[in-house]
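In: Next come a sequence and a model predicted from it.
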Amino acid sequence: MNINLIKSSFYNEAEIKNKLCNFILNSRRFSMWKLCSKFERSFSDYQNRKYSVLFNSGSSANLALIQALLNLKILKKGDNVGFSALTWATNPMPLMQLGLNPIPIDVSLDNLNITSKNLIDILEKTDIKALFLTNLLGFAGDINNIADICREKNILLLEDNCESLGSQIKLKKLGNFGMAGSFSFFVGHHMSTIEGGMVCTDDRNLYDMLVMVRAHGWARNLSPERRKELIEMNQIPEFYNLYTFYTLGYNLRPTEITGFLGVEALKHIDEINRKRQDNFKKFKKAAEKNKNKDFQKLILHHMDFISNFAYPLVCNNKESFERYKKKFLQKRIEIRPIVGGSIVEQPFFKQYLKERQKKYSCPNAKKIHEFGFYFPNNPELTDVEINIICKILEEGCKDEN
């Protein structure tokens, strides 16, 4: 038996595949159109945000968000932007690619995320214009306190929520604490459109700019009123209306297949998230019963709902890490490093640091990088598979020859 991180490309895969085949056979248009718009509206309703913009990936969503903020002059090249040291590469990469100065911020071992203490510690050393934090693996730090600090100090707060769809603190969904939140619908994430991503916001100016950034910097996907305003402001003849580029942009458009899959997947998201939370509670309880106390304890009582992406094990030392890594692999349970690990340990970021002759200390992220891995938590895990994992967590392990 293999216990994989994901079992299917889609939740209720047979049903979705049949619907997808019928959609392809009976549709005349597959470029971005009505179903993409429908998915955006439905996702806004789910996330309790005014506006959503669909992209071809979560990474593209991050890139478009930073470009849009630069276009609006909310950020400018050279600004310091804090980010979670424990994250995926495409959280800091757009900052670097677009001329901002990324400042890694260490995370807490209690929840693997930036806390208000981590933020205060970095602010004692340097000013930051924005904080692009990652809500890792369905968890968050005390993000309500972080949001308060950002408001007090006029720091722009953004959330990379690609791994925490549905999680809540104080009955508020993660992704809603800052000006904008990004989401990913990559295969294996909470809901799958194969590839796909979203940015949600309540700010109309940011929404309009994201729409233009997504498609070449042109205005054809804006409201008629906004298009007319730009045409008149720039004195564009009617003949050139649809082919005028007003701002810096890319081609990050999704397809109607993405929109179709998103609309279908969203119908199941509450069930998916509930199963992820139920599995998480079982794993956490088992890990806390570990006979040898081999693991760093997760402290998440501040969260109302945890839609866990995958369960992280952070061992207390290298020896325990190697033993459990070997045990999980022997039992054919798929494991991976915890997301991208500590970004400051990654080659691309070390090269970036060398160019600026600057060092950042993120000891907690480094410990998680060196002593941690995650194992499957998906909504299709069986009771037998869950029990196999829980037994390892409770009883501990010894070397097996």
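Out: Arrived safely. Model, not experiment: these values are computed from the prediction.
In: Residue 98 touches residue 66, doesn't it?
Out: Yes - between residue 98 and residue 66 there is a contact under C-beta atoms under 8 Å: 5.4 Å. Using the backbone N, CA and C atoms, a C-beta is placed for each residue, glycine as well.
In: okay, these two: which has more neighbours?
Out: Between residue 98 and residue 66, counting by other C-beta atoms under 10 Å, residue 66 is the more crowded of the two (24 against 16).
In: residues in contact with the more buried one?
Out: 75, 94-95, 98, 100, 132 (C-beta atoms under 8 Å, 6 or more residues apart in numbering).
In: now, among those residues, which is nearest to residue 230?
Out: Relative to residue 230, the closest of the contacts of residue 66 is residue 75; by C-beta to C-beta it sits at 21.7 Å.
In: wait, is the closest one part of a strand?
Out: No - per DSSP: H, G, I helix; E, B strand; the rest coil, residue 75 lies outside any strand segment and is coil.
In: mind checking the SS state of the residue nearest to it when sequence neighbours are not counted?
Out: Excluding its sequence neighbours, the residue lying closest to residue 75 (C-beta to C-beta, 6 or more residues apart in numbering) is residue 69, at 4.5 Å. Under three-state DSSP, the three-state class of residue 69 is helix.
In: burial count for residue 69?
Out: Residue 69 has 27 neighbours, counted by other C-beta under 10 Å.
In: That one: what's it in contact with?
Out: Counting by C-beta under 8 Å, 6+ apart, residue 69 makes contact with 75, 130, 156, 206.
In: Break down the stretch 1-150 of the chain into its strands, ranges please.
Out: Counting by DSSP state E, counting those that start in this stretch, the stretch 1-150 of the chain has these strands, from start to end: 51-55, 80-84, 101-105, 130-134.
In: Which strands and helices lie in contact with the first one?
Out: Right, strand 51-55. In terms of contacts (3 or more C-beta pairs under 8 Å, 6 or more residues apart in numbering; DSSP states H and E), strand 51-55 is packed against helix 34-47, helix 58-71, strand 197-201, helix 204-214, helix 256-266.
In: And the contacts of the helix or strand of the chain with the lowest mean pLDDT?
Out: Ranked by mean pLDDT, DSSP states H and E, the helix or strand of the chain with the weakest confidence is helix 347-356, at a mean of 84. Here helix 347-356 makes contact (C-beta under 8 Å, 6+ apart) with 89, 92-93, 96, 102, 104, 343-344, 359-360.
In: Filter those residues down to just the buried residues.
Out: Neighbour counting by 16 or more other C-beta atoms under 10 Å classes 92-93, 102, 104, 343-344, 360 among the contacts of helix 347-356 as buried.
In: For residue 213, list the residues it contacts.
Out: Each residue near residue 213 by C-beta under 8 Å, 6+ apart is listed here: 64, 67-68, 71, 247-250, 252.
In: Buried by neighbour count, from the residues you listed: which ones?
Out: Buried among the contacts of residue 213 (16+ other C-beta under 10 Å): 64, 67-68, 71, 247, 249-250, 252.
In: All the helices of the stretch 301-401 of the chain, residue numbers only.
Out: Assigned helices in the stretch 301-401 of the chain, in chain order: 318-330, 347-356, 363-371, 383-395 (criterion: DSSP state H, counting those that start in this stretch).
In: Tell me how far the third one lies from the chain's centre.
Out: Right, the one you point to is helix 363-371. Relative to its chain's centre, helix 363-371 lies at 20 Å (C-alpha atoms, centre = their mean, to the nearest Å).
In: in that helix, what counts as buried?
Out: Within helix 363-371, the residues that count as buried by 16+ other C-beta under 10 Å are 364-371.
In: again, but for the second one
Out: Applying a neighbour-count criterion of 16+ other C-beta under 10 Å, one finds 349, 352 buried in helix 347-356.
In: what's the burial count for residue 159?
Out: Close neighbours of residue 159, defined as other C-beta under 10 Å, add up to 26.
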